[in-house]
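Chemist: Structure for the following, please:
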Amino acid sequence: MMKKNNIIFILADDLGYWALGAYGNKDAITPNIDKLANEGKRFDNFFCASPVCSPARASIFTGRIPSQHGILDWLDEWENGTTTEEYLKGQSTFVDILAKNNYICCMSGKWHMGHGENPQNGFKYWYSHQKGGGPYYNAPMYKDGNLIFEKKYITDSITDYGLDFLEENYSKKDPFFLSLNYTAPHSPWDCKNHPQEIMDLYKECTFSSCPRDEYHPWKIMETFEGNEEERIEVLKGYFSALTSMDFNIGRILNFLEEKNLLEDTMIIFTSDNGMNMGHHGIFGKGNGTSPLNMYDTSVKIPFIMYKKGEFQVKTIENLLSHYDIRQTILEYLNLEDNLDENIIYPGKSFKNILENKEIVKKENIVIYDEYGPTRMIRNKEYKYIHRYPDGPYEFYNLLEDPQEKNNLIYNENYTEIIDSMRCELLTWFTKHINPEIDGATLGVYGGGQKKLAGKWGNYAHDTFGRYTSNFIFSGDNLLKNQYK
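Modeler: Numbering: from 1, shown residues only. Just a heads-up that it's a prediction; the model follows:
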């Protein structure tokens, strides 16, 4: 059989980098993900573009930041079981480019970027979650355009659809692209939502890998707050969902090995955003607090690349982002991209890392994140967080304070560095944003997005010059606390 460059892209949901065995977690049972990391390339400083699902996913596929693609918050716009907008319509993704180059493309699992019932953006095979989260049993799924309620454990069903796709297409002359978009380990985490045999693996676990920090003063009311016994049950559910996903990834690896496809298939594993499970006194991601947060546990994610016989084992320390994925995959495959000439794309290819070449390190490698009015600039030494219109602001010395416990924003010893980073952040976002959908000027509070953003949705301004009619809020507390 002729050698091909197949791709399997595995996307977890709400998985922090800290939660995997390969990243040092002593509680997690993740042998298959750990195998990919230990026999491939493990990236230790990889970041999402926004610490919440829909914007982060759109940035992965389009290579744009949220204020370029227009998905600024998680999508909450299901009316009568269908989505009203196709949020990525008219925007190309790297999957579009793969499809134009004869890749057979399949999406199985969580889409959460609008019109979940219909295949889009280069995908031909389509098994999609109706919403973005929900029960692990009886999950609402679109299959062949029809809404069904999947009786099986949804992590198993997502894998089943992927395996059926592989069985049907692996021997064809054209390469395949399979995107396995798991809902795991997103909530719910109660015992009724996960297989008992998996839960029993954590029966005696005390989950010492998850801190018992005091509850964060900005923690939103909707997140967990309970005693130690209740905490253990929540963590048991989270890690059980993770382990169930890992075992299903093992099923995919077994298929590839049985069919002698490992040398022909690049495997990428990552998560849409990070997750706090007690870290900083939060159970949640960027919208686990009000104001929205940019802790590393919210924005830093696992990223692993594996290709048998080609990718040398190496731990990568370079600071990289989800918005670099598009350029990297397409340059690796030597495929011409179709970039929008009106967009200044933020990403850069790291193909040289895949080719095991020495990387020339720049003096100041910087990562940027945004979640509505909250924006972050981070390098290896420092992190600055800016919130529009008037704060609160944060600054951390990451070398001395990697857990981000001590906000130094008012420390006069860092005034010059803070001013420089603030200027750099403003300059970068001014260069990249689309003013019509600029998240810093819109009513994004973490409560969900219902319509197209900003001028794309033709909504009126509020008193802060924000377009607010296209957003809903998850309670008055979010709105009130935003301006404290």
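Chemist: so how far is stretch 207-217 off the chain centroid?
Modeler: The chain centre lies 22 Å from the centre of stretch 207-217; the measure is CA atoms, centre = their mean, to the nearest Å.
Chemist: Quick one: mean pLDDT over that stretch.
Modeler: Averaged across stretch 207-217, pLDDT comes to 96.
Chemist: got the buried residues for that stretch?
Modeler: F207, S209, C210, P211, H216 (16 or more other CB atoms under 10 Å). Using the backbone N, CA and C atoms, a C-beta is placed for each residue, glycine as well.
Chemist: Look at stretch 351-369 and report the distance between its end residues.
Modeler: When the termini of stretch 351-369 are compared using CA to CA, to the nearest Å, they are 22 Å apart.
Chemist: brain fart, stretch 119-132
Modeler: For stretch 119-132, the first and last residues are 16 Å from each other (CA to CA).
Chemist: picking that back up, and which of the buried residues of stretch 207-217 is nearest D337?
Modeler: Nearest to D337, judged by CB to CB, of the buried residues of stretch 207-217 is S209 at 39.8 Å.
Chemist: would that closest one count as being in a strand?
Modeler: No - judged by DSSP: H, G, I helix; E, B strand; the rest coil, S209 forms no part of a strand; its state is coil.
Chemist: how close does it get to M277?
Modeler: Separation of S209 from M277 (CB to CB, to the nearest Å): 9 Å.
Chemist: Equivalent analysis for E117, please.
Modeler: Separation of E117 from M277 (CB to CB) stands at 32 Å.
Chemist: Buried residues in the lengthiest helix in the chain, which are they?
Modeler: The longest helix of the chain (DSSP state H) is helix 228-258. By 16+ other CB under 10 Å, the buried positions in helix 228-258 come out as 231-232, 234-249, 252-253, 255-256.
Chemist: Mind giving me the packing neighbours of that helix?
Modeler: strand 6-12, helix 31-39, helix 154-169, helix 196-199, strand 276-277 (3 or more CB pairs under 8 Å, 6 or more residues apart in numbering; DSSP states H and E).
Chemist: Direction included, what does the helix or strand that comes right after that helix pair up with?
Modeler: Next in sequence after helix 228-258, counting helices and strands by DSSP states H and E, comes strand 265-271. Counting by DSSP bridges, the strands paired with strand 265-271 are strand 6-12 (parallel), strand 300-306 (antiparallel).
Chemist: Identify, from the buried residues of stretch 207-217, the entry nearest to N38.
Modeler: Lowest distance from N38 to the buried residues of stretch 207-217 (CB to CB) belongs to S209, with 18.5 Å.
Chemist: Going along the chain, name the helices of the stretch 351-484 of the chain.
Modeler: Assigned by DSSP state H, counting those that start in this stretch, the helices in the stretch 351-484 of the chain fall at 351-354, 415-432, 476-481.
Chemist: among those helices, which is the most enclosed?
Modeler: helix 351-354 (a mean of 17; mean count of other CB atoms under 10 Å).
Chemist: what's in contact with that helix?
Modeler: If you take CB atoms under 8 Å, 6 or more residues apart in numbering as the criterion, helix 351-354 is touched by K41, M305, F311, I316, N318, T328, E331, Y332, I359.
Chemist: Report the buried members of the residues you listed.
Modeler: Using 16+ other CB under 10 Å, the buried ones in the contacts of helix 351-354 are K41, M305, F311, I316, N318, T328, E331, Y332.
Chemist: List the residues that contact the first one.
Modeler: The neighbourhood of K41, defined by CB under 8 Å, 6+ apart, consists of I304, M305, Y306, F311, Q312, V313, K314, T315, I316, I353, L354.
Chemist: how about TSV for those, with distance to Y388 and pLDDT added?
Modeler: Output for those, formatted as TSV (distance: CB to CB, whole Å; pLDDT from 0 to 100):
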residue	distance to Y388	pLDDT
I304	35	98
M305	35	98
Y306	40	98
F311	41	93
Q312	44	91
V313	43	93
K314	39	93
T315	36	96
I316	33	95
I353	34	93
L354	37	93
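Chemist: All set now, cheers.
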